[in-house]
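Q: Just to be clear, the model below is a prediction. Sequence and coordinates:
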Amino acid sequence: MLYDEEGSFIVEANLVVEMKPKEADDPSLKVSNLYREEMKSILNDEKSSDVIVTVEDKEFKCHKAILSARSEVFKNTLAHIMVESKSNTIVIKETTVKAVEDMLKFI
């Protein structure tokens, strides 16, 4: 130990920090991660999609049930007798492809 001029002491030490992935401690997180990966795999799944979200020149193949369950806006758009619900196409204007893609990934 060393003391400075004011009588305080200085501790010199080596510090080692070990990090463990949370999955190692909590099996429920493994299930959560698996679920997330499975949900991501259906984004743009042409076989089971039933609605197309279009922005600029990009089309995202989506699922009405998932969009409706996760977003009140999509729920209202798809639930009522509107052009979008009849045509199974939702056109989003005045936003970027990246913003819509990120939103759909979040949903």
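A: Yes, it's here.

Q: Let me see the ranges of the strands in this protein.
A: All strands of the chain, identified by DSSP state E, fall at 2-3, 9-10, 51-55, 58-62, 89-92.

Q: Save the ones you listed as CSV, and put in mean pLDDT and mean neighbour count too.
A: In this view, the C-beta of every residue, glycine as well, is placed from N, C-alpha and C. Shown next, in CSV, are these (pLDDT from 0 to 100; neighbours: other C-beta atoms under 10 Å):
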stretch, mean pLDDT, mean neighbour count
strand 2-3, 60, 8
strand 9-10, 65, 8
strand 51-55, 94, 19
strand 58-62, 93, 17
strand 89-92, 92, 16
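
Q: out of these, nearest to residue 80?
A: Distance to residue 80, taken as C-beta to C-beta, is lowest for strand 89-92 among these, at 12.7 Å.

Q: What lies in contact with that closest one?
A: For strand 89-92, the surrounding residues in contact (C-beta atoms under 8 Å, 6 or more residues apart in numbering) are 51-55, 74, 77-78, 84, 100.

Q: okay, it in CSV with CA atoms only?
A: Extracted in CSV, the C-alpha atoms of strand 89-92 (Å, rounded to 0.1, in the frame of the first residue of the first chain):
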residue,chain,number,x,y,z
THR,A,89,-51.2,-5.4,-49.4
ILE,A,90,-50.2,-2.6,-47.1
VAL,A,91,-48.4,0.3,-48.7
ILE,A,92,-46.4,2.4,-46.3
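
Q: what distance separates that strand from the middle of the whole chain?
A: On the basis of C-alpha atoms, centre = their mean, to the nearest Å, strand 89-92 sits 20 Å off its chain's mean C-alpha point.

Q: Distance to residue 17 for the strands of the chain - can I get that in a markdown table?
A: As requested, the strands of the chain are exported to a markdown table (distance: least, C-beta to C-beta, whole Å):
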| stretch | distance to residue 17 |
| --- | --- |
| strand 2-3 | 24 |
| strand 9-10 | 21 |
| strand 51-55 | 44 |
| strand 58-62 | 41 |
| strand 89-92 | 45 |
